[in-house]
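Asker: Sequence plus the predicted model coming up.
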2 protein chains.
Amino acid sequence: MKNAIILFSGGLDSTTCLAYAKSQGFNCHAISFNYHQKHSAELNAAKRIAKHLGANHIIIDLPNAQFQGSALTDEQVNVPDFHSNNSIPVTYVPSRNTIFLSFALAWAEVLNANDIFIGVSAIDYSNYPDCRPEYIQAFQTVANLATKSGVENNHVRIQTPLIHLSKAKTIELGINLGVDYSMTVSCYQADSQGLACGKCASCTLRKKGFAEANKLDPTLYQNK
Amino acid sequence: MKNAIILFSGGLDSTTCLAYAKSQGFNCHAISFNYHQKHSAELNAAKRIAKHLGANHIIIDLPNAQFQGSALTDEQVNVPDFHSNNSIPVTYVPSRNTIFLSFALAWAEVLNANDIFIGVSAIDYSNYPDCRPEYIQAFQTVANLATKSGVENNHVRIQTPLIHLSKAKTIELGINLGVDYSMTVSCYQADSQGLACGKCASCTLRKKGFAEANKLDPTLYQNK
């Protein structure tokens, strides 16, 4: 079996991605990051889901939150309710996906894995620049120039199975793969039990996805 | 004064790079990494030099050595003496510069810095793929696609003032800038006092540089 690395937050998209990689016959190695996100409940979800799906799993501790300047990490900046517009939101974390992919790339070399899965989508997303197809393509170029495996023509592929899927289509894919979405945590301000606020951008996109897919939303919401 | 981020190991090249960035009028923010390198004496050198040059300085702790699979971090793999050939050596650390640059990029966004300096050279180097000009160019593309500043056309530049300099030319540049190379540690297996082995690839390139520049080598070597 070929090894694959899966960037894995414990949320809806990365869980679908992990289930998809597994369905493609990969031996899955999931990597999560403690970047001092307020919603660190997602890491507990990640542990449970990785175990449930039989994936190897590591959590990387990143340095302090202030370094990262974001509403997701800075206690002085509130996570806003969802408002649709085209600007980059305050929940953007500088260089987050680049840092995550860099570690995934290191682990890929150590494990002789050619495939790195990341659950980004260009459809229902929050205007984060590091989720766009052109960004992923550019990182793949870096990955192959940066590494021993790239130089030896043992190409590294950044796989994005959700890139052209709406949230509804992602949910349909996951349900077909047997994903239990009640185990996943997407909310930017989930409480310590993983209960969702229902109001942030991530909750809003997720709710809309279940509605559009005409599926029961199994998300556990806070009672307030 | 404009802010700049400098990838800073405490070695000969990155110290020259820091002195160069300072000479260009930048307010310098140096970033070092504890990646469990055997030659962690370089971090003490980095602290002293950053203070000496009046630069802001942070050290980022990265996760464990085994994750990184390299003679520089793995106690089971010896650092070899220098042998000239064109293959990637066992001292290669998977994805190292990509991880380092990703953190530098995050810090650049937080500090509104457009310039990231890295002391790579395409002349006297150790066949690390992530030191080549095409790699740096590709990472700059990633940096501008990944970030809010890139999207807002506030371009991020990866500056490589040493890229076309031999080690001798780098040393001449540094001496002209007033660098005290006795403070720097380049050796891959420097002891806890920072004394150099004189035999590894890094020591060999450094020695050759001082000889070719016809300058006194101020490196402190181990007595053995």
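Answerer: Received, thanks. Residues are numbered from 1 along each chain as shown, chains lettered A, B, ... in the order given.

Asker: what pLDDT, on average, does the helix or strand harbouring A:I60 get?
Answerer: Assigned by DSSP states H and E, A:I60 falls within strand A:56-61. For strand A:56-61, the mean pLDDT works out to 94.

Asker: partner residues bridging the spatially closest residue to A:A55 that is not a sequence neighbour?
Answerer: Nearest non-adjacent residue to A:A55, counting by C-beta to C-beta, 6 or more residues apart in numbering or on different chains: A:C28, 4.1 Å away. Backbone N, C-alpha and C define where each C-beta goes, glycine included. Taking DSSP bridges as the rule, A:C28 bridges to A:A4.

Asker: By mean pLDDT, which helix or strand of chain A comes out lowest?
Answerer: Among the helices and strands of chain A, helix A:148-151 carries the lowest confidence by mean pLDDT, DSSP states H and E, at a mean of 86.

Asker: Next SSE downstream of it?
Answerer: Heading C-terminal from helix A:148-151 (DSSP H and E), you reach strand A:157-159.

Asker: what does that next one rub up against?
Answerer: A:A4, A:A21, A:L101, A:N114, A:D115, A:I116, A:F117, A:I118, A:I136, A:F139, A:Q140, A:A143 (C-beta atoms under 8 Å, 6 or more residues apart in numbering or on different chains).

Asker: burial measure for A:E152, as a count.
Answerer: 11 (other C-beta atoms under 10 Å in any protein chain shown).

Asker: again, but for the one 5 residues further on
Answerer: Residues lying near A:R157 (other C-beta under 10 Å) number 15.

Asker: For it, report the pLDDT, please.
Answerer: For A:R157, pLDDT reads 96.

Asker: and what of A:K224?
Answerer: 59.

Asker: that older thread, neighbouring strands of the strand holding A:I60 in the sheet, and parallel or not?
Answerer: strand A:27-34 (parallel).

Asker: list the contacts for the nearest residue to A:F210 once chain neighbours are set aside?
Answerer: The shortest distance from A:F210 to any non-neighbouring residue, by C-beta to C-beta, 6+ apart, is to A:D217 (3.9 Å). Listed by C-beta under 8 Å, 6+ apart, the contact set of A:D217 reads A:R206, A:K207, A:F210, A:A211.

Asker: nearest to B:L62, of the residues you listed?
Answerer: A:R206 (32.5 Å; C-beta to C-beta).

Asker: and the closest one, which of the three is it?
Answerer: helix (DSSP: H, G, I helix; E, B strand; the rest coil).

Asker: burial of the spatially closest residue to it that is not a sequence neighbour, as a residue count?
Answerer: Leaving aside its sequence neighbours, A:R206 sits nearest to A:S186 (C-beta to C-beta, 6+ apart; 4.9 Å). A:S186 has 28 neighbours, counted by other C-beta under 10 Å.

Asker: where's A:S186, which helix or strand?
Answerer: Here A:S186 is covered by no helix or strand, with elements defined by DSSP H and E.

Asker: now A:K169
Answerer: Assigned by DSSP H and E, A:K169 falls in helix A:167-176.

Asker: if you average pLDDT over that helix, what comes out?
Answerer: On average, helix A:167-176 scores 98.

Asker: buried ones in it?
Answerer: A:K167, A:A168, A:K169, A:T170, A:I171, A:E172, A:L173, A:G174 (16 or more other C-beta atoms under 10 Å in any protein chain shown).

Asker: again with stretch A:202-217
Answerer: A:S202, A:C203, A:T204, A:L205, A:R206, A:K207, A:K208, A:G209, A:F210, A:A213, A:D217.

Asker: So what's the residue count around the residue nearest to A:Y125 when sequence neighbours are not counted?
Answerer: Spatial nearest neighbour of A:Y125, excluding adjacent residues (C-beta to C-beta, 6+ apart): A:C131 at 5.1 Å. Using other C-beta under 10 Å, A:C131 has 20 neighbouring residues.

Asker: same deal with the one 10 residues further on?
Answerer: Summarising burial for A:T141: neighbours were counted as other C-beta under 10 Å, giving 18.

Asker: Confirm that it sits in a helix.
Answerer: Yes - counting by three-state DSSP, A:T141 is part of a helix.

Asker: quick one: what helix or strand has the nearest residue to it once chain neighbours are set aside in it?
Answerer: Leaving aside its sequence neighbours, A:T141 sits nearest to B:A138 (C-beta to C-beta, 6+ apart; 4.8 Å). Per DSSP H and E, B:A138 falls inside helix B:133-146.

Asker: Please find the angle between the direction vectors of that helix and helix A:133-146.
Answerer: Going by axes from the mean of the first three to the mean of the last three C-alpha atoms, to 10 degrees, helix B:133-146 is angled at 160 degrees with respect to helix A:133-146.

Asker: Which of the residues in helix B:133-146 are classified as buried?
Answerer: B:Y135, B:I136, B:A138, B:F139, B:Q140, B:T141, B:V142, B:A143, B:N144, B:L145, B:A146.

Asker: And those residues, which is closest to A:L195?
Answerer: Nearest to A:L195 among those, with distances taken as C-beta to C-beta, is B:A146, at 31.7 Å.
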